[in-house]
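Trainee: Return atomic coordinates for the entry below.
(2 chains)
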Protein chains: 2
Amino acid sequence: MKKYAVIVAGGAGVRMGGVVPKQFLPLNGRPVLWYTLDAFLRAFPDLEIILVVPAAYLERARTLVLKFAEERRIQLVVGGDSRFHSVRNGLGLVVEDKDPAKESSTKEGSIIFVHDGVRCLVSGELIQRCYDQAVRLGSAIPVIGCRDSVRLVGEEGTSKTIDRDRIKLVQTPQTFRSDILLEAYKMDHREAFTDEATVVEIAGKDVHLIDGELTNIKITTQTDMILAGQLLGNR
Amino acid sequence: MKKYAVIVAGGAGVRMGGVVPKQFLPLNGRPVLWYTLDAFLRAFPDLEIILVVPAAYLERARTLVLKFAEERRIQLVVGGDSRFHSVRNGLGLVVEDKDPAKESSTKEGSIIFVHDGVRCLVSGELIQRCYDQAVRLGSAIPVIGCRDSVRLVGEEGTSKTIDRDRIKLVQTPQTFRSDILLEAYKMDHREAFTDEATVVEIAGKDVHLIDGELTNIKITTQTDMILAGQLLGNR
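Mentor: Okay, here's the model as predicted:
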């Protein structure tokens, strides 16, 4: 099946306290985002990347893309006001097989990965597993268990313990069959859309979890940068 | 007030796949546990440490303790079958002020920290803040927010999104006024006792949360060792 990766590098990176969004910060000599793009380009030779970036960083992103021999497999699009709008902008570039000669039941459709640009340590193995499950079940949402005790905060600051085995931390690539994802993104934006899985669920479809990776961290702090640099160095 | 730190180094470290429990693994030339002990010794000059270790590692722990000039401030005790039993063994060495000349209302009691031996990056600042709040409110349970989307798994593998702002990941030192903690640990063990906060709550007392630290990680994997080594190197 055809494969698209919508890579969302839309965050302004305010948490890092710097001017440069974290996806463009250097890690062992290359921008964070370079590693992310490289991982998806390597995962499948026929995968196309749709890279969603803030308008102000379009030129910088273009320069980065040109560093890849396979730069033609990467399209750029400007992000929106929210995660939902950024992903929807990206999905606008997905080209479905519209050959009228094919019956609807035999149209293959695509598999679409939606991935955080700052999760630059994602492995090819995880991308492959997500693909396989999405082909089979329609979706693959990578999650990892929680290693700390967990408390659930309620009204007025009270909190209670919750069984940590019931808690799953969600990663990306959140992976879907294109019919499911494209249909869901026809909805108007809602506050409840915190990630792609919630959009699909609110559109009425179940999502299927899959084992993520401890090392597939989201770089949001300087501590994360240190860890990511080390993990990359150890490869 | 008098201060005790019950440091629990009772885990067998099976997750690391090695023979040596992770608290004894070297990190930048010193065992993980050395940094933990050092942090508490430095936090308050009048703090006493009760170090709970597996029976098989008593000698190794003793050798480690003797490396400190202030080794007299550290007592050793053997751990039990569960976290609860290990902490209870440690609490058995807490000496309360039993001077009969003092009125009950003027008895000061102590502040007791219960800390994971493998959280060797805890800062003196966090220890101080936990102390201050426990003096004021009776307890201080350090927690951090969750940076990933979170799903709650239910019956038969179904899962649903849960507002991540309501989820807090619990760290140590879990810190208590001694009257509260010692009373709670008179109970018999229950499966629901996942940490000290749950013991105190089941004993009928509220617990009070406090901001933890992103860097106060619990070393459970090789990735954690790499990060901890880097963070220590940067100090």
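Trainee: CA only for contacts and neighbour counts going forward, please
Mentor: Noted.
Trainee: Let me see the contact set for the residue nearest to A:Glu125 when sequence neighbours are not counted.
Mentor: Of all residues not flanking A:Glu125 in the chain, A:Ala43 sits nearest, at 8.0 Å (Cα to Cα, 6 or more residues apart in numbering or on different chains). Neighbour list for A:Ala43: A:Gly124, A:Glu125, A:Ile127, A:Gln128 [criterion: Cα atoms under 8 Å, 6 or more residues apart in numbering or on different chains].
Trainee: Could you pull up phi and psi at A:Ala43?
Mentor: phi -60, psi -40 (degrees, to the nearest 10).
Trainee: returning to what we had before: can you go through the contacts of A:Ala43 and name the buried ones?
Mentor: Buried members of the contacts of A:Ala43, scored by 16 or more other Cα atoms under 10 Å in any protein chain shown, are A:Gly124, A:Ile127.
Trainee: Please produce a markdown table containing the contacts of A:Ala43, extended by secondary structure and pLDDT.
Mentor: Formatted as a markdown table, the contacts of A:Ala43 follow (DSSP: H, G, I helix; E, B strand; the rest coil; pLDDT from 0 to 100):
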| residue | secondary structure | pLDDT |
| --- | --- | --- |
| A:Gly124 | helix | 96 |
| A:Glu125 | helix | 96 |
| A:Ile127 | helix | 98 |
| A:Gln128 | helix | 98 |
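Trainee: Give me the three-state assignment for A:Thr215.
Mentor: coil (DSSP: H, G, I helix; E, B strand; the rest coil).
Trainee: just A:Val199 next, same as before
Mentor: helix.
Trainee: A:Leu76 - nearest residue in space that isn't next to it in sequence?
Mentor: Using Cα to Cα, 6+ apart, the nearest residue to A:Leu76 is A:Leu51, at 4.9 Å.
Trainee: Report the mean per-residue pLDDT for the helix or strand encompassing that neighbour.
Mentor: If you go by DSSP states H and E, A:Leu51 is part of strand A:47-53. Averaging pLDDT along strand A:47-53 gives 97.
Trainee: Leaving out chain neighbours, which residue sits closest to A:Ala228?
Mentor: A:Ala228 sits nearest to A:Leu121 (Cα to Cα, 6+ apart), 7.2 Å away.
Trainee: The least confident helix or strand in chain A by mean pLDDT to helix B:222-233, inter-axis angle?
Mentor: None of the helices or strands of chain A scores lower by mean pLDDT, DSSP states H and E than helix A:222-233, at a mean of 86. Interaxial angle, helix A:222-233 versus helix B:222-233 (axes from the mean of the first three to the mean of the last three Cα atoms, to 10 degrees): 120 degrees.
Trainee: May I see the buried residues of helix A:222-233?
Mentor: Of the residues in helix A:222-233, A:Thr223, A:Asp224, A:Met225, A:Ile226, A:Leu227, A:Ala228, A:Gly229, A:Gln230 count as buried by neighbour count, 16+ other Cα under 10 Å.
Trainee: again, but for stretch A:193-212
Mentor: Buried-residue list, stretch A:193-212, by 16+ other Cα under 10 Å: A:193-200, A:203, A:205-212.
Trainee: near chain B too, which of those residues?
Mentor: Among the buried residues of stretch A:193-212, the ones lying close to chain B by the criterion of Cα under 8 Å from any Cα of the partner chain are A:Thr194, A:Asp195, A:Thr198.
Trainee: residue farthest from the centroid of chain A?
Mentor: Distance from the C-alpha centroid of chain A peaks at A:Glu156, with 34.2 Å (Cα atoms, centre = their mean).
Trainee: ok, A:Gly79 to B:Ile141 distance?
Mentor: Distance, A:Gly79 to B:Ile141, by Cα to Cα, to the nearest Å: 39 Å.
Trainee: coming back round to it: so which of the ones next to chain B among the buried residues of stretch A:193-212 comes closest to B:Val135?
Mentor: A:Thr194 (39.0 Å; Cα to Cα).
Trainee: Provide a list of residues in contact with the closest residue to the closest one other than its chain neighbours.
Mentor: Nearest non-adjacent residue to A:Thr194, counting by Cα to Cα, 6+ apart: B:Ser149, 7.4 Å away. If you count contacts by Cα under 8 Å, 6+ apart, B:Ser149 has them with A:Leu169, A:Val170, A:Gln171, A:Thr194, A:Asp195, B:Thr161, B:Ile162, B:Asp163, B:Arg164.
Trainee: Would you confirm that the second one contacts B:Asp148?
Mentor: It stands for A:Val170. Yes: the criterion here is Cα atoms under 8 Å, and A:Val170 meets it with B:Asp148 at 5.8 Å.
Trainee: So for these two, which residue has more residues nearby?
Mentor: A:Val170 (24 against 15; other Cα atoms under 10 Å in any protein chain shown).
Trainee: Report the contact partners of that one.
Mentor: A:Ile141, A:Pro142, A:Val143, A:Ile144, B:Asp148, B:Ser149, B:Val150, B:Arg151 are the contacts of A:Val170 under Cα under 8 Å, 6+ apart.
Trainee: Can you name the residues bridging to the spatially closest residue to it that is not a sequence neighbour?
Mentor: Nearest residue to A:Val170, sequence neighbours excluded (Cα to Cα, 6+ apart): A:Val143, at 4.5 Å. With DSSP bridges as the criterion, A:Val143 is bridged to A:Val170, A:Asp211.
Trainee: what residues are up against A:Val143?
Mentor: Neighbouring residues of A:Val143 by Cα under 8 Å, 6+ apart: A:Lys168, A:Leu169, A:Val170, A:Gln171, A:Leu209, A:Ile210, A:Asp211, A:Gly212, A:Glu213.
Trainee: picking up where we left off before, just give me the closest of the contacts of B:Ser149 to B:His85.
Mentor: Lowest distance from B:His85 to these (Cα to Cα) belongs to A:Leu169, with 29.8 Å.
Trainee: ok, now how distant is the closest one from chain B?
Mentor: A:Leu169 sits 5 Å away from chain B, going by Cα to the nearest Cα, to the nearest Å.
Trainee: Neighbours of that residue, how many?
Mentor: 18.
Trainee: Report the separation between it and A:Leu209.
Mentor: Distance of A:Leu169 to A:Leu209, computed by Cα to Cα: 11 Å.
Trainee: And A:Thr221, by the same measure?
Mentor: 26 Å.
Trainee: Now A:Leu33: closest residue in space that isn't a chain neighbour?
Mentor: Nearest to A:Leu33 is A:Gln23, by Cα to Cα, 6+ apart, at 5.1 Å.
Trainee: Let me know the pLDDT of the nearest residue to A:Gln128 once chain neighbours are set aside.
Mentor: In this structure, A:Gln128 finds its nearest non-sequential neighbour in A:Ala43, 7.0 Å apart by Cα to Cα, 6+ apart. pLDDT recorded at A:Ala43 is 97.
Trainee: one step back: could you pull up the residues touching the residue nearest to A:Leu33?
Mentor: Contacts for A:Gln23 (Cα under 8 Å, 6+ apart) come out as A:Ala9, A:Gly13, A:Pro31, A:Val32, A:Leu33, A:Gly117, A:Val118.
Trainee: Narrow those residues to those in helices?
Mentor: Those of the contacts of A:Gln23 mapping onto helices are A:Val32, A:Leu33, per DSSP state H.
Trainee: Just give me the closest of the contacts of A:Gln23 to chain B.
Mentor: The nearest member of the contacts of A:Gln23 to chain B, counting by Cα to the nearest Cα, is A:Val118 at 12.6 Å.
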